[in-house]
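>>> sequence-free structure coming up:
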């Protein structure tokens, strides 16, 4: 289990008397589950993590409510009462490690109970049902290794640089929403956890039921660590779609695509969103043409910088996410400027989000998953079964000698689906 080093259960148990039949290993399992943090954007991490009674029972903690109550009373974990998605008839409650312990470096701690260790190992094993969804990618994924020493050294060095920048901030800035969830310790602990899991071959490999995305340590790791991944002892190359979300959004202005997908080939439950959209006759406005042109020229973010006055390209990428995927009623300066430049484009995006603002993101992610995990992966599996391929959502990692082949198939399948040729890049690590 992965526990903040500042949590001293000996001291906590002395101060807060445990309940009858309390088991320290079970407390550690709960703390480790709550300690899971998910990376968002630009070094930011999720504040809360969903932990369900079903998950805890599967890990051997059948009396989870007792441990939840005890650890909250002891000030180790906290819940603000919010819930995540519905799971059957049960809402999943959100928790976090309290700020007192949250910003300390984490350590792996071995459980003393063999039966609980076995339960936890069984829960974490990749299920056959998940492997059957992507057998070709699983075969590649389970062969990966990581340059352990170099990856650790890199993570520590990068963290030291982040700490220097963090210490320059005032207390008010550190508490601000733009920085609050970017503490350097969050990214370090995430990096260490990823390195250790890959090195120990404790793989995570599951398909998201909503968008169809494949989630693994590779898709969830910080980009800087990819250079340390190995297949058959070799460093990898990455083939990536430039401006993937704006590029995929081009299908929203293609009448032929709506007609060809009337039977919902993507398998997404967001089919109803298409009925909100106006017909194609207003999609030939000049701003739509300008939008399509800047995306296909690979200058979407540069165009956005010009429109909004943003000086930094990374900042323009974050602004694009806000513009495209935020709620329609939310209005920011950059969003208003984009809407002024591309009124018809924004109209289409808002139509898709009319019932639920998440619909656009889920729709584009579903497209991405369909192309990358169904069309591209299946072609490579059939035509080039010797290639070992790792999915990173809108890109693939493979051995350098096969990167051009992967690029060719990606470009063909993306062009066939979207109706326009993408710009792809190859990065050799």
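Perfect, I can see it now. Predicted model only: the values in this text are computed from it and were never measured.
>>> helix or strand right after the worst-scoring helix or strand of the chain on mean pLDDT?
Lowest on mean pLDDT, DSSP states H and E among the helices and strands of the chain sits strand 83-87, with a mean of 59. On the C-terminal side of strand 83-87, the closest following helix or strand by DSSP states H and E is strand 90-97.
>>> which parts of that following strand are buried?
For strand 90-97, a neighbour-count test (16 or more other C-beta atoms under 10 Å) marks 92, 93, 94, 95, 96, 97 as buried. Every residue, glycine included, has its C-beta placed from N, CA and C.
>>> ok, the second one to residue 421 distance?
Going back to what we said before, that points to residue 93. Residue 93 sits 47 Å away from residue 421, going by C-beta to C-beta, to the nearest Å.
>>> and the longest helix for this structure?
Using DSSP state H, we find that the single longest helix of the chain is helix 148-167.
>>> what residues does stretch 147-163 touch?
Here stretch 147-163 makes contact (C-beta atoms under 8 Å, 6 or more residues apart in numbering) with 43, 184-185, 187-188, 191-192, 195, 199, 224-225, 228, 230.
>>> show me how to select, in PyMOL, the buried members of the residues you listed.
PyMOL command restricting the contacts of stretch 147-163 to the buried ones, with burial defined by 16+ other C-beta under 10 Å:
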select buried, resi 184+185+187+188+191+192+195+225+228+230
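>>> can you put the contacts of stretch 147-163 in TSV and add pLDDT, secondary structure and distance to residue 155?
Formatted as TSV, these follow (pLDDT from 0 to 100; DSSP: H, G, I helix; E, B strand; the rest coil; distance: C-beta to C-beta, whole Å):
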residue	pLDDT	secondary structure	distance to residue 155
43	67	coil	13
184	89	helix	11
185	89	helix	12
187	89	helix	8
188	91	helix	6
191	93	helix	4
192	94	helix	6
195	96	helix	7
199	95	helix	12
224	93	helix	8
225	95	helix	7
228	97	helix	9
230	97	strand	17
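>>> for the contacts of stretch 147-163, which one is nearest residue 252?
Nearest to residue 252, judged by C-beta to C-beta, of the contacts of stretch 147-163 is residue 43 at 30.1 Å.
>>> distance between the host helix or strand of residue 54 and the chain's centre?
When elements are assigned from DSSP H and E, residue 54 belongs to helix 53-58. Relative to its parent chain, helix 53-58 has a centroid offset of 23 Å by C-alpha atoms, centre = their mean, to the nearest Å.
>>> please apply the same query to stretch 413-429.
With C-alpha atoms, centre = their mean as the basis, stretch 413-429 stands 21 Å off its chain's centre.
>>> now do stretch 16-29
On C-alpha atoms, centre = their mean, the centre of stretch 16-29 falls 33 Å from the chain's centre.
>>> what is the mean pLDDT for it?
The average pLDDT for stretch 16-29 rounds to 96.
>>> same check on stretch 123-137?
89.
>>> what's the span of that stretch, first residue to last?
Between the opening and closing residues of stretch 123-137 lies a distance of 21 Å (C-alpha to C-alpha, to the nearest Å).
>>> buried sites along it?
Buried positions in stretch 123-137, judged by neighbour count with 16+ other C-beta under 10 Å: 126, 133, 134, 136, 137.
>>> what's the helix or strand containing residue 415 in contact with?
Assigned by DSSP H and E, residue 415 belongs to helix 403-418. Contact with helix 403-418 is made by 237-239, 241, 247-248, 250-251, 254, 257, 367, 370-372, 375-376, 379-380, 383-384, 387, 389, 396, 398, 421-422, 424, 426, 428, as judged by C-beta under 8 Å, 6+ apart.
>>> what of stretch 376-393?
Taking contacts as C-beta under 8 Å, 6+ apart, the residues outside stretch 376-393 that touch it are 134, 136-137, 139-141, 143-144, 213-214, 216, 218-219, 226, 229, 231-232, 236, 238, 365, 368, 372-373, 396-399, 402, 405-406, 409-410, 413.
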